[in-house]
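Novice: Provided below for reference: sequence and predicted model.
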Amino acid sequence: MATSSVTNTTTTTATTSKATIANNKLADDFDQFLTLLTTQLKNQDPTNPLDTNEFTNQLVLFTQTEQLVQSNSNLESLISLSEGQQVANAASYIGKVVDANGDTIQMTDGSASYHYRLPENAEKVTVNIIDESGKVVRSEAGETTAGVHNYEWDGKDSEGKLLEDGQYRMSVTALDATGKTIAVTTSITGTVDSVGITNGNVVLNVNGVEIPLSEVTGIRDASAATSEADATLKALQQLYNSGLIDQSTLLAAQEAAAA
């Protein structure tokens, strides 16, 4: 059973903050300034004393800079607290099945779920599955009617060989009757393993792929997803019993559900 976790991939807590570094540098500079001031006061010519206005202005500048650094430190703290709250809120997604905009998902044990949406009917649709090296490992015709279509990949290449687990991308090309390209949007489905922060944004780790929370379009319990699959199989069995689909279609659906 996969272990779920909440992670934070920001560098704010892992390394010294910029405000802390700036504050340390300011302290060093101020010490050097005081040392220089003390030395100059000791060695000044009594008949020609130093102009204190310049030192006063520098002291004021140091004070203003220190206040600015402190403000930045407070801002960093607020950002860190905000990110922590966002991660805590997103933790409720762990273990849930989500749909999200995207085209890449982890194929595991011969199973990966993709979807694509056609804004209009197409004359020809080609679905390609591409591995991490950029090679097309599976290519076949897709549904051509307008709407959202599910593509449940069985993890096999065009020769019927089961491929190794890994991240695979789906690319869909659609053409209308005149040969003009139709814009296609893609999405993926997977289970959330963990959540975290990357570059200040909440991300969900879905089957090994980081997905921004802002790209999530649907969420449901894993048990609900299983119930949907069971309901689909029962419906297919009824269609087969009624003679509306053949045995090969029913067996293919059952094999896909068991994968």
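Specialist: Yep, that arrived. Numbers count the residues shown, from 1 in each chain.
Novice: in the stretch 101-250 of the chain, which ranges drop under the pLDDT threshold?
Specialist: Across the stretch 101-250 of the chain, the ranges flagged by pLDDT under 70 are 223-245, 247, 250.
Novice: how does it look with 80?
Specialist: Low-confidence segments of the stretch 101-250 of the chain, defined by pLDDT under 80: 197-200, 222-250.
Novice: what about the strands in it?
Specialist: With strands called from DSSP state E, counting those that start in this stretch, the stretch 101-250 of the chain shows them at 104-107, 112-118, 124-130, 136-141, 147-153, 166-175, 181-182, 185-198, 201-206, 209-212, 216-221.
Novice: Can you tell me which of these is nearest to I94?
Specialist: Among those, the nearest to I94 by Cβ to Cβ is strand 185-198 (5.3 Å). Backbone N, C-alpha and C define where each C-beta goes, glycine included.
Novice: In contact with T189, which residues?
Specialist: Taking Cβ atoms under 8 Å, 6 or more residues apart in numbering as the criterion, T189 is in contact with 97-100, 105, 113-115.
Novice: my bad, A112
Specialist: 105-106, 152-153, 155, 168, 188.
Novice: Swap in 6 Å and give it another go.
Specialist: Residues near A112 by Cβ atoms under 6 Å, 6 or more residues apart in numbering: 105, 153.
Novice: same thing with T145?
Specialist: With contact set as Cβ under 6 Å, 6+ apart, T145 has these partners: N121.
Novice: Kindly recompute the last result at 10 Å.
Specialist: T145 makes contact with 118, 120-122, 125, according to Cβ atoms under 10 Å, 6 or more residues apart in numbering.
Novice: what's the answer for L163, then?
Specialist: Here L163 is in contact with 107, 110, 129, 131, 137-138, 153-157 (criterion: Cβ under 10 Å, 6+ apart).
Novice: By neighbour count, which of the contacts of T189 wins?
Specialist: Highest neighbour count within the contacts of T189: I105, with 25 neighbours (other Cβ atoms under 10 Å).
Novice: Can you show me the helices along this protein?
Specialist: In the chain, the helices defined using DSSP state H lie at 18-42, 52-90, 222-241, 247-258.
Novice: pLDDT averaged over the second one, what's the number?
Specialist: Across helix 52-90, pLDDT averages out at 58.
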